[in-house]
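K.L.:
generate a structure from the sequence data that follows.
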Amino acid sequence: MSKVDFIGLGVAIVTPFNSDESVDYESLGKLIEFQISSGTDYIVALGTTAETPTLTAKEQKEIVRFIVKTVEGRIPIVVGIGDNCTSSLLEKVQTIDLTGVSAILSVTPYYNKPTQEGLYRHFCALSKVSPLPIILYNVPGRTGVNMCAETTIRIAKECKNVIATKEASGNLTQIKQIIDEAPEGFNVISGDDAITTDVVLSGGIGVISVFGNAYPKEMKWLVDSALKERTSAAREKMENDFNELFHLMFVEGNPAGVKALLEMKGLANNVVRLPLVTVTEGTKAKIQTEFNKFA
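P.N.:
Here you go, the predicted model:
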């Protein structure tokens, strides 16, 4: 099992669609090349930003194959594999082709709201069968359950192939506790663009970014600045330049905001699959105003 630290900028890549909502592989290939040429450290496929719940099992497999083939080993690839049924998750992990993939990103079970003990047992079961290192993904705003710091640390100590957590709780106290108490070799990755510097300056190792789809060079600079402790420069860049765009990316849901931005940049169509819808004209106009500042 090869060791990848996942320090720096990871980008949760969108799934571009054609006007008929079929997967736009041409644009996906261009996006991947854009990421690699811009210095992105690794790509996350089939995450929330990829609209994975709206993709068929066949599409998911083909997207992973396409990304692996396009990347050609130039940067690591993380693949999102999650489920709110533990047995179904174990079956997925044991049957999916993970050739060319460096790690799995696995979200806390959603909808059925397990207890902390249930979360612990779920990830321990995954740890026993996973052929790859595992990055936990805690995003209570989407799943309905928060994995507390004590549970994350418990998993980290007992499951040696669980190497990191993507924390999107927004709770900096919780995040700092994980950083301070986790065993050596277990890392924390920000799951929220807007608090990237806070997480990194607390001891985190980077971010898995949505905004990086459109502005990877800028996000790479932001993360590297924080990692090198150029505190004032990193904060100034975030707060003065990007803060409004960070907010607009999520005001009507992800990835609706970033897909509007990607279309403005000529990188992908502004097309999402139901039940998601494109951002309203009012929000789109605000994104356009912010975009024009950097054009």
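K.L.:
toward the C-terminus, what is the element adjacent to the worst-scoring helix or strand of the chain on mean pLDDT?
P.N.:
When the helices and strands of the chain are scored by mean pLDDT, DSSP states H and E, helix 231-236 comes last with a mean of 68. Scanning forward in sequence from helix 231-236, with DSSP states H and E defining helices and strands, the next element found is helix 243-248.
K.L.:
same for that next one, what does it pack against?
P.N.:
Contacts of helix 243-248 with other secondary structure elements, assessed using 3 or more CB pairs under 8 Å, 6 or more residues apart in numbering; DSSP states H and E, are made with helix 281-294. Backbone N, C-alpha and C define where each C-beta goes, glycine included.
K.L.:
how about the helix it packs on: buried residues?
P.N.:
283-284, 286-287, 290-291 (16 or more other CB atoms under 10 Å).
K.L.:
cool, and stretch 143-151?
P.N.:
Residues of stretch 143-151 classed as buried by neighbour count (16+ other CB under 10 Å): 143, 145-149, 151.
K.L.:
how about these, which pair is most distant?
P.N.:
Of all pairs drawn from these, the widest gap by CB to CB lies between T143 and A149 and measures 16.4 Å.
K.L.:
make CSV out of the buried residues of stretch 143-151 and add distance to I13 and pLDDT.
P.N.:
Output for those, formatted as CSV (distance: CB to CB, whole Å; pLDDT from 0 to 100):
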residue, distance to I13, pLDDT
T143, 21, 96
V145, 26, 97
N146, 26, 98
M147, 24, 98
C148, 29, 98
A149, 29, 98
T151, 29, 98
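K.L.:
just those residues: which are in helices?
P.N.:
Secondary structure defined by DSSP state H assigns 143, 149, 151 of the buried residues of stretch 143-151 to helices.
K.L.:
out of those residues, which comes closest to I104?
P.N.:
Top of the list for closeness to I104, among those and by CB to CB, is T143 at 16.8 Å.
K.L.:
what's near enough to touch the spatially closest residue to the closest one that is not a sequence neighbour?
P.N.:
Leaving aside its chain neighbours, T143 sits nearest to Y110 (3.9 Å; criterion: CB to CB, 6 or more residues apart in numbering). Contacts of Y110 were listed using CB atoms under 8 Å, 6 or more residues apart in numbering, and they are 82, 84, 142-145.
K.L.:
any idea which element Y110 lies in?
P.N.:
Here Y110 is covered by no helix or strand, with elements defined by DSSP H and E.
K.L.:
what ranges does this protein have for its helices?
P.N.:
Secondary structure of the chain by DSSP H: the helices cover 25-37, 57-71, 86-95, 116-129, 140-143, 149-158, 172-181, 196-201, 216-227, 231-236, 243-248, 256-264, 281-294.
K.L.:
TSV for those, including distance to T48?
P.N.:
Output for those, formatted as TSV (distance: least, CB to CB, whole Å):
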stretch	distance to T48
helix 25-37	16
helix 57-71	14
helix 86-95	16
helix 116-129	18
helix 140-143	7
helix 149-158	19
helix 172-181	18
helix 196-201	17
helix 216-227	17
helix 231-236	25
helix 243-248	16
helix 256-264	11
helix 281-294	19
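K.L.:
going by mean pLDDT, which of these comes out lowest?
P.N.:
Across these, the stretch with the lowest average pLDDT is helix 231-236; it has a mean of 68.
K.L.:
so N270 touches V277, yeah?
P.N.:
No - between N270 and V277 there is no contact, the gap being 10.8 Å when judged by CB atoms under 8 Å.
K.L.:
which one's more surrounded, the two?
P.N.:
Set side by side, N270 and V277 show unequal neighbour counts under other CB atoms under 10 Å, the larger going to N270 at 17 against 11.
K.L.:
and which of the buried residues of stretch 143-151 is nearest A226?
P.N.:
Nearest to A226 among those, counting by CB to CB, is A149 at 21.4 Å.
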